[in-house]
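Undergrad: here you go, sequence then predicted model.
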Amino acid sequence: SENFKGKTVLVTAAGQGIGKATALAFARAGATVHTTDINEQALAALEGEPGISTRRLDVLDSAAVSQAVADIGAVDVLFNCAGFVHSGSILEIKDGDLDFAFDLNVRSMVRTIRAVLPGMIFNGGGAIVNMASVASSIKGVPNRFAYSVTKAAVIGLTKSVAADYVGQGIRCNAICPGTVESPSLQERLKATGDYEAARAAFISRQPMGRIGTPEEIADLAVYLAGATYTTGQAYVIDGGWVN
Ligand code: NAD
């Protein structure tokens, strides 16, 4: 189906993993998709895909975010996917890492949402989908202090934006995955020193007995972008982990 024909979509962190899968899913649904990432090499693999254009964008850079949206013009859908996983408890995490986690996982979304909202409001509406996690206000996950604090903030940010702009046709929802296959997951598993054991541990906490795929998360992102009667919600998609 081409439900998103004529719609413009902006995706951050679209170079790999969930962002990439979601950009491709929106393009299949007929959208004009602007994919962005700091990794230009990763973006290059998306060049030539029907409906997709690529652009380097560092979501830590407010001026660059403003410029990107000025160049692209009004967007109908914003998918805020950029995020980073720090390991460590409250006693282990460095303040600098916590600051960085806030900047990349939360303030990036403040930047992009501020940039796109005026255009969405002018056009009578729009949809924002923010990447959170079950490791947040939903579930305490060991060894993920900075990550969980910031992903909980994403849920609060999502609800706040949804409440403030519901009257102007803006919907804002969050996605809360469990463990999903991605290049950074592979790196985290390798970094443990025992890839097979770490992978088995991740799988063992999944009642479905497997890790999720980026395509499964992409389907939810596309659904939420078009779900005209839902806003301010945090959608868990985790293979039954939290249940
Ligand atoms: P990933 O971590 O493998 O890739 C992240 C992408 O973000 C990379 O392409 C990277 O270049 C880009 N990026 C990093 N810093 C950036 C910046 N400053 N500006 C723009 N782009 C930047 O992908 P993933 O694992 O699919 O994760 C995507 C999102 O999903 C993240 O927010 C992550 O926290 C969240 N998430 C992932 C999982 C999982 O298990 N993979 C689970 C829950 C939530």
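TA: Yep, that arrived.

Undergrad: going forward, measure contacts and count neighbours with C-alpha atoms only.
TA: Fine.

Undergrad: residue contacts, Ser108?
TA: Listed by CA atoms under 8 Å, 6 or more residues apart in numbering, the contact partners of Ser108 are 59-60, 82.

Undergrad: filter the residues you listed down to the buried ones.
TA: Those of the contacts of Ser108 that meet the buried threshold are 59-60, 82, by 16 or more other CA atoms under 10 Å.

Undergrad: dump the residues you listed to CSV, plus pLDDT.
TA: Putting the buried ones among the contacts of Ser108 into CSV (pLDDT from 0 to 100) gives the following:
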residue, pLDDT
Val59, 99
Leu60, 98
Ala82, 98
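
Undergrad: what about the contacts of Ser108, which are in helices?
TA: Using DSSP state H to define helices, no part of those is located there.

Undergrad: could you dump the residues you listed into CSV and include distance to Ile90?
TA: Output for the contacts of Ser108, formatted as CSV (distance: CA to CA, whole Å):
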residue, distance to Ile90
Val59, 26
Leu60, 24
Ala82, 23
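
Undergrad: filter those residues by proximity to the ligand?
TA: Counting by CA under 6 Å from any ligand atom, the subset of the contacts of Ser108 that neighbours the ligand consists of 59-60, 82.

Undergrad: quick check: Thr12 vs the ligand, distance?
TA: Remark: distance between Thr12 and the ligand (CA to the nearest ligand atom, to the nearest Å) = 6 Å.

Undergrad: quick one, what contacts the residue positioned nearest the centre of the chain?
TA: Geometric centre of the chain, nearest residue: Cys81, 2.2 Å, by CA atoms, centre = their mean. The contact partners of Cys81, by CA under 8 Å, 6+ apart, come to 11-14, 18-19, 130-131.
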